[in-house]
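>>> Give the three-dimensional model of this entry:
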Amino acid sequence: MRVTNKIKRRATENVIKFLSNTESATRTEIIEGALNCYGLCESELEDFSPKSKNSVIRSYISTVINDLINKKDLVRKGDRYSLAKEELVIIKEELVEAEIKEILQKGAYTKNEIFRLLESRFGTDITPSFKDDYSLHSAAGTALFNLLQNDEIEFIDGKYRDITPVELDEKTDTPLPENEFKPKFFKKLWLMGGKFFESFVANLLEKYFTLSGKMVVYCDITGGSDDGGLDIELEIVDYLGFVETIVAQTKCRDRAHVTEKEVREFYGAMNAKRATRGIYVTTTRFHESAQDFIDAIGDLVGIDGDKLFSLVKRTSYGINKHKDGYTFDEGIFAN
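Residues are numbered from 1 along each chain as shown. From the prediction side, this is the model:
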């Protein structure tokens, strides 16, 4: 059996994770404890055939246990093993988050690439034990999750990217021509944030349908941790009395385009809701494959930045039109 570095690292981290929470354990207890970290289902755990996932992973764990013993990272006392006491790199979570932000300011990286860069920066790659590596990876995973939740970074196409907040110019009442006003409009949307954008799009759609002769029965913002992939839900009725349930997803981004995967997930949530139509609204653009998917679906519409601004102009929502150009409607954009 050939154990690759990736397999070995994961098995080692799971062994250390188990032993970090107990003073000592037998070899069997270590194998069972590390195995629990893989999340196998009950049927997989009961399958002990030679090529089963259960048997193969047990072999991986047994292999790294021997390696740790040979490297003296595991100390044996009787039939029990414990982690060797040694000088390890102390990992501080706040420093890990700061390092990740600095790394992502220089480019986009996968999680494993970030781990390798952090190991080099903190020096855990030169210590003989994997214990501090595990601590670093755990702290990095938590930091990445928090940064994503706070919209400080984004995860697109398998890589993490930095999101640098844009600076907004000072307020001005001077009308600007469209080519100058439009970039400032999107900067302002970005600065106001995702929650504001949900509300902005909901009000924009309500005004659009009303101006189109539809009666808006309700227009609810459903965005949140349990929104199921839907941010807005509307029910509209036309002149003849036909009723439609329309759902929308919003993405207020500075640079990143919407992927096909994101659109497919939204379409799945739309069908689960039994909505008649779906609208995906972004301040940027759609990847080519995402746009192709949208174009192939009759009940799904994608509104990119250009279409969004056209809709804003058509409804005069959020902006004021003047002879010499446009200004913001500060009653809508007030903080």
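
>>> Where do the helices of the stretch 51-200 of the chain begin and end?
Ranges of helices in the stretch 51-200 of the chain, per DSSP state H, counting those that start in this stretch, are 53-70, 93-104, 111-122, 131-149, 178-192, 194-211.

>>> Could you export the ones you listed to a markdown table, including columns for mean pLDDT, mean neighbour count and distance to residue 320?
(C-beta placed from N, C-alpha, C; glycine too.) Below are the helices of the stretch 51-200 of the chain laid out as a markdown table (pLDDT from 0 to 100; neighbours: other CB atoms under 10 Å; distance: least, CB to CB, whole Å):
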| stretch | mean pLDDT | mean neighbour count | distance to residue 320 |
| --- | --- | --- | --- |
| helix 53-70 | 84 | 17 | 63 |
| helix 93-104 | 83 | 17 | 38 |
| helix 111-122 | 85 | 17 | 45 |
| helix 131-149 | 82 | 19 | 35 |
| helix 178-192 | 90 | 16 | 10 |
| helix 194-211 | 92 | 19 | 15 |
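
>>> so where's this structure shaky on pLDDT?
Filtered on pLDDT under 70, the chain yields the residue ranges 1-5, 85-92, 123, 125-132, 164-172, 223-228, 334-335.

>>> For residue 277, give its distance to residue 314.
19 Å (CB to CB, to the nearest Å).

>>> for residue 53, same thing?
Applying CB to CB, the value for residue 53 to residue 314 is 56 Å.

>>> swap in residue 41?
From residue 41 over to residue 314 the distance is 53 Å, taken as CB to CB.

>>> Of the two, which one has the most company?
More crowded of residue 41 and residue 314, by other CB atoms under 10 Å: residue 314, with 13 against 9.

>>> Could you list the residues in contact with the helix or strand hosting the more buried one?
Following DSSP states H and E, one finds residue 314 within helix 305-315. Outside helix 305-315, the residues that touch it by CB atoms under 8 Å, 6 or more residues apart in numbering are 182, 185-186, 204, 207-208, 211, 281-285, 303, 318-319, 321.

>>> at 7 Å what do you get?
Contacts to helix 305-315, defined as CB atoms under 7 Å, 6 or more residues apart in numbering, come from residues 182, 185-186, 204, 207-208, 211, 281-285, 303, 318-319.

>>> do the same with stretch 249-258
So stretch 249-258 is contacted by 154, 156, 161, 163, 166, 189-190, 193-194, 197-198, 201, 229-231, 266, 280-287, 290 (CB under 7 Å, 6+ apart).
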